[in-house]
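Novice: need a structure here:
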Amino acid sequence: MTKFQHSSVLAVQRPAQVSVLKLFGFMAAASFMVSAFSPAFADQANAEYKLGPLDKVRLRVQEWRASKDEVYQYTALNEQYIVGPSGTLAVPLVGDVTAAGLTTTQLEKVIGDRLKQRLGMIESPDTAVEIAGEWRRLCVEGPVLVAA
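Specialist: Below you'll find the predicted structure:
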């Protein structure tokens with residue numbers, strides 16, 4: 001028998017269990033190393049999430065007004081929105097914006113540019129888009145081998 005002490009917890013294991021644990025740990029580490037250094041893993045790690053139907057996003061629009069020394073909040077726009085089934089987002093003062101396939105950064109630019117154009121502004125207002133809590137739901141049809 002082998003005794004292990006970790007964080008003031010004493011555990012006793014049989015030698016066969018120790019070798020199985022070492023083998024499992026080695027396999028997990030090797031699997032991670034192979035996947036972590038593959039080009040596909042690098043592409044996934046650098047890829048930003050693209051919006052799709054039923055995604056919830058939170059929009060914040062504000063503008064610095066130097067003449068009044070204040071930050072103006074567009075409260076009519078600062079809400080949560082849901083990307084519709086057709087992939088569009090209906091935003092007041094902006095209209096329908098195609099959001100499906102865009103990242104939040106790309107959507108920020110589209111909404112800011114559209115506001116600048118529609119309101120006759122010199123510069124686009126500061127626009128922030130973030131995922132609001134829930135990701136899009138995924139439905140699986142057919143038999144499921146392992147529930148996650």
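
Novice: counting by contacts, list what the longest strand anywhere in the chain packs against.
Specialist: The strand that spans the most residues within the chain, counting by DSSP state E, is strand 56-65. Using 3 or more C-beta pairs under 8 Å, 6 or more residues apart in numbering; DSSP states H and E as the contact definition, the elements that strand 56-65 packs against are strand 70-73, strand 80-82, helix 104-119, strand 126-131. (Glycine included, C-beta is placed from N, CA and C.)

Novice: mind listing what the closest residue to residue 65 other than its chain neighbours touches?
Specialist: Distances taken as C-beta to C-beta, 6 or more residues apart in numbering put residue 72 closest to residue 65, at 5.3 Å, once the chain neighbours are dropped. With contacts defined as C-beta atoms under 8 Å, 6 or more residues apart in numbering, residue 72 is in contact with 62-65.

Novice: closest to residue 146 out of those?
Specialist: residue 62 (46.0 Å; C-beta to C-beta).

Novice: wait, residue 116 sits on residue 127?
Specialist: No - here residue 116 lies out of contact with residue 127, judged by C-beta atoms under 8 Å, at a distance of 9.9 Å.

Novice: between the two, which has more neighbouring residues?
Specialist: Between residue 116 and residue 127, counted using other C-beta atoms under 10 Å, the more crowded position is residue 127 (23 against 15).

Novice: walk me through the domains of the chain.
Specialist: Listed by automatic domain parsing, the domain ranges of the chain are 2-46, 56-131.

Novice: circling back: top of the contacts of residue 72 by neighbour count?
Specialist: Of all those, residue 63 has the most neighbours under the rule other C-beta under 10 Å, reaching 18 neighbours.

Novice: surely it touches residue 126?
Specialist: Yes - Residue 63 is within contact range of residue 126, at 6.5 Å (criterion: C-beta under 8 Å).

Novice: so where's the chain shaky on pLDDT?
Specialist: Counting by pLDDT under 70, the chain has low-confidence residues at 1-46, 134-138, 148.
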